[in-house]
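J.: Need a 3D model of the sequence below.
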Amino acid sequence: MTQAIHKLLIANRGEIAVRIIRAAKALGIPTVAACSEADVDSQAARMADEIHVLGPARADKSYLNVEALLGALKATGANAVHPGYGFLSENADFAEAVLAAGAIFVGPSPETIRRMGDKAEARRTAQEAGVPVVPGSPGELFDVESALTAAEAVGFPLLIKASAGGGGRGIRLAENAQQLAEEFPRSQREAQAAFGNGAVYLERFISRARHIEVQVLGDGQHAVHLFERECSLQRRRQKIFEEAPSPVLSQQQRETLCASAVRLTESLGYKGAGTLEYLYDDATGEFFFIEMNTRIQVEHPVSELITGIDLVQAMLRIAGGEPLGFKQSDIRLNGAALQMRLNAEDPARDFFPSPGLVEELIWPQGEGIRVDTHLYQGYRVPPYYDSLLAKLIVHGADRAEALARARVAVRRTTLTGMASTLALHGELLEQPWLHSADFHTGTLETWLAERRSGGQV
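T.: Predicted coordinates for the structure are as follows:
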């Protein structure tokens, strides 16, 4: 039992709030669901020991309202905050405010969040730790002239990326100098609007890249990895289907990649769970660090299933002052795991959001099947937030068995009352290129475009 945390405030909603409550209950920690008025009948609110209403449905009035969250801390007597993912999870000012209020922030220090949240600074930090990065500009750029000069060293094609960005926003492709001059100010404007920071940098564009990331845990002194995840199947730079481990890495590549992630994590004195994201060049076998997410990830369950380690419990223990309870040599890679994200989106209408009433709901059961969700029959999914409904996660002795169990899991799932991506995953699981692992970050969008042109919806 973690003694230092005597009551935990969950500053989030949806399936991750449910996931955190379950982990806290396993450690005997009472929980408070800090929720909006739209979420008072949510699964998290039902499961928590108590709830505290932050404000109206709009996120800026509730889940992004720092003063309301600090007020919830004081009113409930909670002495720790878990931010989940999204919302304020990577907001250094929020972490600082929690600490200033005398509470525990379940995550790394504000300094670390700030340092790794600035992508240009994160690149420099990785280089100092001896971790390879995608060739790019040496720092932030603020005008077209300096961008054109930097591009001579980087080479075309290249990406213009928001320094403070995330979620694919502020990223534009430039094939030549003319395109760079046109797209640079557009990227700046998008970055300023999305993040309040118009600084951008340049990065070489890798045409057949895989998105591979490494899960790490640190206690401030030591760090370990929980191997890597393959997250290349993306739509508009948003992940849809993830697996662990990557089906294409050799053992030597895996060891080199994961060792680099641990090296960078330890150089930061990192506390908590984090993810280091890399691009893997299919053509050359090279990997390059691109960014670090200083929080729990949506896809963390696949890492849990191949290692047997509960990442959220580990975060709570570390935040409570405990050292890592295991060494790297204690962590074994066991089989393969896959995760399918079910979203309230309509593939027939270009993935238009489709919130609504959950009419019939049956989740799959069976060996190697796990479901992380906040849904229950009769629940009305609110239209104000992210569209993630659930995650279907499967584990097998190897990738072939995991894929077979994924098919079973999709077939045994019933979700009516709204459009969702459930049937789409059923189709995806029939694609030969998925089974042969012959894909990259552009494959899913190409398949979706072909599917539309073929009249499939």
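
J.: C-alpha only now, for contacts and for neighbours.
T.: Will do.

J.: Count the residues that sit near Arg332.
T.: Arg332 has 12 neighbours, counted by other CA atoms under 10 Å.

J.: which residue sits closest to it in space, ignoring its chain neighbours?
T.: Thr307 (5.9 Å; CA to CA, 6 or more residues apart in numbering).

J.: contacting residues for the one you found?
T.: Contact partners of Thr307, counting by CA atoms under 8 Å, 6 or more residues apart in numbering, are 226, 331-334.

J.: do the same with Asp350
T.: By CA under 8 Å, 6+ apart, Asp350 has no neighbours at all.

J.: What does it show for phi and psi?
T.: Backbone torsions of Asp350, given as degrees, to the nearest 10, read phi 60, psi 40.

J.: Can you give me the pLDDT of it?
T.: Note on Asp350: pLDDT of 93.

J.: tell me which strands and helices the biggest helix by length in the chain is in contact with?
T.: Across the chain, the longest stretch assigned as helix under DSSP state H is helix 177-195. For helix 177-195, the elements it packs on are helix 144-154, strand 158-162, strand 172-174, strand 200-204, judged by 3 or more CA pairs under 8 Å, 6 or more residues apart in numbering; DSSP states H and E.

J.: what's the angle between that helix and helix 144-154?
T.: Comparing the axes of helix 177-195 and helix 144-154 via axes from the mean of the first three to the mean of the last three CA atoms, to 10 degrees yields an angle of 110 degrees.

J.: Can you tell me what sits against helix 177-195?
T.: By CA under 8 Å, 6+ apart, helix 177-195 touches 143-144, 147-148, 151, 160-162, 164-165, 169-174, 197-200.

J.: Same check on stretch 71-79?
T.: Under CA under 8 Å, 6+ apart, the answer for stretch 71-79 is 5-9, 32, 34, 52, 54, 102-104.

J.: hang on, the earlier thing: could you save the helices and strands packed on helix 177-195 as JSON lines and add columns showing distance to Arg236 and mean pLDDT?
T.: Converted to JSON lines, the helices and strands packed on helix 177-195 look like this (distance: least, CA to CA, whole Å; pLDDT from 0 to 100):
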{"stretch": "helix 144-154", "distance to Arg236": "24", "mean pLDDT": "94"}
{"stretch": "strand 158-162", "distance to Arg236": "15", "mean pLDDT": "92"}
{"stretch": "strand 172-174", "distance to Arg236": "12", "mean pLDDT": "94"}
{"stretch": "strand 200-204", "distance to Arg236": "18", "mean pLDDT": "91"}
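
J.: can I get the ones you listed in a markdown table with mean neighbour count and distance to Leu424?
T.: What follows is the helices and strands packed on helix 177-195, written out as a markdown table (neighbours: other CA atoms under 10 Å; distance: least, CA to CA, whole Å):
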| stretch | mean neighbour count | distance to Leu424 |
| --- | --- | --- |
| helix 144-154 | 16 | 38 |
| strand 158-162 | 26 | 30 |
| strand 172-174 | 20 | 28 |
| strand 200-204 | 26 | 32 |
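
J.: any chance of those in a markdown table, plus distance to Gln313?
T.: A markdown table is the format used below for these (distance: least, CA to CA, whole Å):
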| stretch | distance to Gln313 |
| --- | --- |
| helix 144-154 | 42 |
| strand 158-162 | 33 |
| strand 172-174 | 38 |
| strand 200-204 | 36 |
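
J.: wait, which of the ones you listed is closest to Val133?
T.: Ranking the helices and strands packed on helix 177-195 by proximity to Val133 (CA to CA) places strand 200-204 first, at 9.3 Å.

J.: Which elements pack onto that closest one?
T.: helix 144-154, strand 158-162, helix 177-195.

J.: hmm, which of the contacts of Thr307 are the buried ones?
T.: By neighbour count, with 16 or more other CA atoms under 10 Å, the contacts of Thr307 hold 226, 331, 334 as buried.

J.: and the residue nearest to Phe142 when sequence neighbours are not counted, backbone torsions?
T.: Spatial nearest neighbour of Phe142, excluding adjacent residues (CA to CA, 6+ apart): Ala199 at 5.8 Å. Backbone dihedrals for Ala199, given as degrees, to the nearest 10, come out at phi -70, psi 140.

J.: what separates the residue nearest to Arg332 from Val224, distance-wise?
T.: Distance of Thr307 to Val224, given as CA to CA, to the nearest Å: 12 Å.

J.: Check Lys327 too.
T.: From Lys327 over to Val224 (counting by CA to CA), the distance is 7 Å.

J.: Which of the helices or strands spans the most centrally placed residue in the chain?
T.: The centre of the chain sits closest to Gln297, judged by CA atoms, centre = their mean, with a distance of 3.4 Å. According to DSSP states H and E, Gln297 maps onto no helix or strand at all.

J.: what's the closest non-adjacent residue to Ala162?
T.: Nearest one to Ala162, counting by CA to CA, 6+ apart, is Val200 at 4.4 Å.

J.: Specify the beta-bridge partners of the one you found.
T.: Leu141, Ala162 (DSSP bridges).

J.: Start at 274, not 1
T.: That works, and once the first residue is 274, the last one we named lands at Val473.

J.: Correct me if wrong: it contacts Arg442.
T.: No: using CA atoms under 8 Å, Val473 is not in contact with Arg442, being 11.4 Å away.

J.: what do those two both touch?
T.: With CA under 8 Å, 6+ apart as the test, Val473 and Arg442 both reach 435, 464.

J.: coming back round to it: and the residue nearest to Ala435, what is it in contact with?
T.: 413-415, 433-437, 460-461, 464 are the contacts of Val473 under CA under 8 Å, 6+ apart.

J.: How about Ala290?
T.: 283-284, 306, 317, 357.

J.: same check, this time on Phe562
T.: 396, 399, 404-407, 549-552.

J.: Quick check: chain neighbours aside, which residue is closest to Val683?
T.: Using CA to CA, 6+ apart, the nearest residue to Val683 is Gly699, at 6.2 Å.

J.: Can you check the pLDDT for Phe429?
T.: The model's pLDDT for Phe429 equals 93.

J.: residues contacting it?
T.: 447-449, 477-478.

J.: So it, which state does it fall into?
T.: Here Phe429 is recorded as coil under DSSP: H, G, I helix; E, B strand; the rest coil.
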